[in-house]
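Colleague: sequence first, predicted model second:
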Amino acid sequence: MSAFDKIAAYLQKPLNRAVREFNLIEDGDRIAVGVSGGKDSRVLLELLLRGVDIQGAYEVVAVHIEGTDVGLPDQRPVLEPWFRTLGVEYEIAPLAVAANEPLPLNCFRCSWHRRKALFCAADRWGCNKVALGHHADDAAVTTLLNVLYKGQTESLASHRTFFEGRFIVIRPLIYVEESAITRYARARGWKFPPELECPRGRETRRAKLTEFLRTLDKREYERVRANLWRLGSEW
């Protein structure tokens, strides 16, 4: 087994654990994977294409929401050849906003429009589930955000139903630590130059809390992450 295959196998263990524990993927599912272009969603797509431990079969469609018209970086030159190499069905859909929408979009409005476009694309492809690349570190930061700014202990859900059951949003990487995802991305040789980052990505509360948590040493951070995940999952 190659070094890369060992990393992939390491990641598959917590992914399969989440799939089993929360029944995230079932026989006959058709899953739209939201691919932003960052390492998390790209790793998720490749792992789902490698296969998960379920009884039965499922299908995967890759969906990227393009937002060049509202100032987001153009990921098409990188993603489209990669999708073709993987042999996955895919769609690159526009981020459609009203003509009177104030620009630049703030993070809430951008996220809202992206999610709407993703659901619409999933519907076009006949998907019943939408997979997002949020991982264990994202869940910890979300809990901390909600505690500090909302006075709530809610975190990212492993799965959630939308539109009266039409779609189920799933997060198969919810038990996967970001450091392992980073190792996978490096082993694949992926490059993420600054021009492909969201122009406002480093200004958000989430980014600031993420940087704060990274100031902790590894053992301390792992304990804090686990505590935040447990706290957030109890709501």
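Modeller: Here it is on my side, so go on. Numbering: from 1, shown residues only.

Colleague: list the contacts of the strand ranked longest in the chain.
Modeller: Using DSSP state E, we find that the single longest strand of the chain is strand 59-66. With contact meaning CB atoms under 8 Å, 6 or more residues apart in numbering, strand 59-66 is reached by 29-37, 45, 48-49, 72, 74-76, 79, 83, 86, 88-95, 114, 117-118, 121-122, 125, 127. Heads up, the C-betas are built off the backbone N, CA and C, glycines and all.

Colleague: please pick the buried ones from those.
Modeller: 29, 31-37, 45, 48, 72, 75, 79, 83, 88, 90-93, 95, 114, 117-118, 121-122, 125, 127 (16 or more other CB atoms under 10 Å).

Colleague: what pLDDT is listed against the residue sitting furthest away from the middle of the chain?
Modeller: The C-alpha centroid of the chain is most remote from Asn100, which lies 29.4 Å away (CA atoms, centre = their mean). Listed pLDDT for Asn100 reads 75.

Colleague: picking up where we left off before, from the contacts of strand 59-66, which land in helices?
Modeller: Leu45, Leu48, Leu49, Arg76, Leu79, Phe83, Leu86, Arg114, Ala117, Leu118, Ala121, Ala122 (DSSP state H).

Colleague: as CSV, these with distance to Thr204 and pLDDT would be great.
Modeller: What follows is the ones in helices among the contacts of strand 59-66, written out as CSV (distance: CB to CB, whole Å; pLDDT from 0 to 100):
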residue, distance to Thr204, pLDDT
Leu45, 24, 98
Leu48, 27, 98
Leu49, 30, 97
Arg76, 25, 93
Leu79, 23, 96
Phe83, 28, 98
Leu86, 30, 97
Arg114, 15, 91
Ala117, 20, 95
Leu118, 20, 96
Ala121, 25, 97
Ala122, 26, 97
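
Colleague: how about those residues in CSV, adding distance to Tyr10?
Modeller: Shown next, in CSV, are those (distance: CB to CB, whole Å):
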residue, distance to Tyr10
Leu45, 18
Leu48, 16
Leu49, 17
Arg76, 31
Leu79, 25
Phe83, 25
Leu86, 21
Arg114, 30
Ala117, 33
Leu118, 28
Ala121, 31
Ala122, 29
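
Colleague: now, among the residues you listed, which is nearest to Tyr149?
Modeller: Closest approach to Tyr149 among the ones in helices among the contacts of strand 59-66 (CB to CB): Arg114, at 21.3 Å.

Colleague: residues near the closest residue in space to the closest one that isn't next to it in sequence, how many?
Modeller: Nearest non-adjacent residue to Arg114, counting by CB to CB, 6 or more residues apart in numbering: Ile65, 4.9 Å away. Residues lying near Ile65 (other CB atoms under 10 Å) number 25.
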